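# Give me a 3D structure for the following:
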Amino acid sequence: MDNDYLLSSFERNAFKKSWGTALIQLRKHPKFAVPFFMLEGAMGYTAKSKAYVLLSWYHHRQGKPLGAAMLRYMAVRLWAGLRFQQPPGKPNRAKELTYFVNTHTGKFVSANSGFSKTTTEQQIIGWERPYIISSIESENAARPITDTVTKKVRLSHNSRAGINRAIGAEVRSAVEHAMGTKWVSNHTLLANASDALSALAAPKADGSGN
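Next comes the predicted model:
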């Protein structure tokens, strides 16, 4: 990869194996797909542990390909390299850029993970007034008409921010395992890698393609 190979079939196959190894690294055990309620309260999970949970929901519960998350990271990283801006004089641009890309990659995974719970509650849909006016004032009050409403509850915005960054860090690690760290600034290498991965776009016959 450092010498921009991927020109022969042997080198392309070697790269595909490297990409496959990265997918294995990113793939978490199905046991991490714990129920929603376990992340609601103060259960003591770190952001990295929560990232494992959402990655497991994304891959095992929803059947989403981990390769799509890696390609999303690469796309966001290329876009951010051109568009990411900071206030003049603010230091640590590289660190902030990494946070930005990790966060947006994590948003993609969490949004497609289906990680939520279903709740039912009584919701007021109207008001009913009495037909006969009573001399007792309290009996003239309108009575609520309720109906059972089902809705999905997701993690709060504040709790998702740290989890998204942790997810992005996991995906970034997998991309760097497959691509190295210089792929962003080497368009020829990226083009060759894209060609080498084109065969992976089609799902395998057994449905296990990533």
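# In three-state terms, how would the residue of the chain positioned farthest from its centre be classified?
Distance to the chain centre peaks in the chain at Ser135, reaching 60.6 Å (criterion: C-alpha atoms, centre = their mean). What DSSP: H, G, I helix; E, B strand; the rest coil gives for Ser135 is coil.
# any low-confidence regions in this protein?
Applying pLDDT under 70 to the chain flags the ranges 1-8, 41-42, 157-158, 186-190, 192-194, 196-210.
# State which helix of it is the longest.
Identified as the longest helix of the chain according to DSSP state H is helix 157-179.
# for that one, packing partners?
On a contact count with 3 or more C-beta pairs under 8 Å, 6 or more residues apart in numbering; DSSP states H and E, helix 157-179 meets helix 9-26, helix 47-56, helix 66-83, helix 93-111. Quick note: C-beta positions are derived from backbone N, CA and C, even for glycine.
# domain ranges for this protein?
9-116+154-201, 118-153 (automatic domain parsing).
# among those, which is the most enclosed?
domain 9-116+154-201 (a mean of 16; mean count of other C-beta atoms under 10 Å).
# what sits against the residue nearest to Leu39 when sequence neighbours are not counted?
Spatial nearest neighbour of Leu39, excluding adjacent residues (C-beta to C-beta, 6 or more residues apart in numbering): Lys50 at 5.9 Å. Residues counted as contacts of Lys50 (C-beta atoms under 8 Å, 6 or more residues apart in numbering) are 39, 162-163, 166.
# Quick check: phi and psi at the residue farthest from the centre of the chain.
Torsion angles at Ser135 (phi, psi; degrees, to the nearest 10) stand at phi -70, psi -10.
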